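# Predicted coordinates and the sequence they were generated for:
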Amino acid sequence: MWSNPSDFHGYTNGDVSRDLSNVKVIGMSTFKRGGRQCNPRDFFTIQYKGFIEDNARSRMKKVMDSRLVGSGKPVTFSQGTYQVFKCWDLSLIYLREGTKTTIHCPAYLSNGGAMGYSQLGYSKIYPNTPITFELEVLECKPNVSDLISIGKKSQVWNDGRVVNSGLQAF
């Protein structure tokens, strides 16, 4: 999978394959053709939404939306540096710029045993809750200086925190 197994969070190739097999891709589409193939350690700029199951109403409840928090700008982060949910790190490198995908992440690859709170302010995300994400890959580049969005329209994640958004990466 990767030439050096330590390129990815210190996992061995077997660990990555096992964990990735538990991330379910629900749908994928392209909103910009000809986008660059993303790679491990790239810098990503994305828009996202997160949903949890609302069993009482038999539907999905939105608990995160990058367009509705802070300034509504996309977020930028470095893949593989523990700045985002583990399922994002595992799956984004298989996508291209201009791809929109929906992935279902088991709890151990999203929030794990940690309690979280909705960015939208109305619900808790209980420990061990799986989360479904809609991700739009706007950019993926090998160097942060190559990102068109930096300094123009993006919030930059720094040391695992999101500037002006309230997203908690577990």
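The structure has been received and is ready for your questions. Numbers count the residues shown, from 1 in each chain.

# CA atoms for contacts and neighbours, from now on please.
Noted.

# How far does stretch 114-126 sit from its chain's centre?
17 Å (CA atoms, centre = their mean, to the nearest Å).

# Stretch 22-34 too?
On CA atoms, centre = their mean, the centre of stretch 22-34 falls 13 Å from the chain's centre.

# Need the contact partners of it.
87, 91, 97-106 (CA atoms under 8 Å, 6 or more residues apart in numbering).

# could I get those as TSV with distance to Lys73?
Converted to TSV, the contacts of stretch 22-34 look like this (distance: CA to CA, whole Å):
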residue	distance to Lys73
Cys87	22
Ser91	22
Glu97	17
Gly98	16
Thr99	18
Lys100	16
Thr101	19
Thr102	20
Ile103	21
His104	23
Cys105	24
Pro106	27
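
# Mark which of those residues are part of strands, please.
Secondary structure from DSSP state E places 99-105 of the contacts of stretch 22-34 in strands.

# Return the entry from these with the maximum number of neighbours.
Cys105 (24 neighbours; other CA atoms under 10 Å).

# the bottom helix or strand of the protein by mean pLDDT?
strand 161-162 (a mean of 38; mean pLDDT, DSSP states H and E).

# Strands of the chain, start to end?
Using DSSP E, strands in the chain cover 24-30, 43-54, 59-65, 75-78, 99-105, 116-117, 124-125, 131-141, 155-158, 161-162.

# Among those strands, show me which one is buried the most.
Comparing the strands of the chain by mean neighbour count (mean count of other CA atoms under 10 Å), strand 75-78 comes out on top with a mean of 25.

# for that one, packing partners?
With contacts defined as 3 or more CA pairs under 8 Å, 6 or more residues apart in numbering; DSSP states H and E, strand 75-78 has these neighbours: strand 43-54, strand 155-158.

# Check what contacts the first one and list those residues.
Applying CA under 8 Å, 6+ apart, the set of residues contacting strand 43-54 from outside is 59-67, 73-79, 125, 129-144, 147, 149, 154.

# mind running it again at 7 Å?
Outside of strand 43-54, the residues within contact range by CA atoms under 7 Å, 6 or more residues apart in numbering are 59-66, 74-79, 130-144.

# Could you pull up the mean pLDDT of that strand?
Across strand 43-54, the average pLDDT comes to 92.

# now the shortest one
Taken as a whole, strand 155-158 carries a mean pLDDT of 49.

# Ok, stretch 95-106 next?
pLDDT averaged over stretch 95-106 gives 94.

# how distant is that stretch from the center of its chain?
8 Å.

# Could you tell me the end-to-end distance of it?
20 Å (CA to CA, to the nearest Å).
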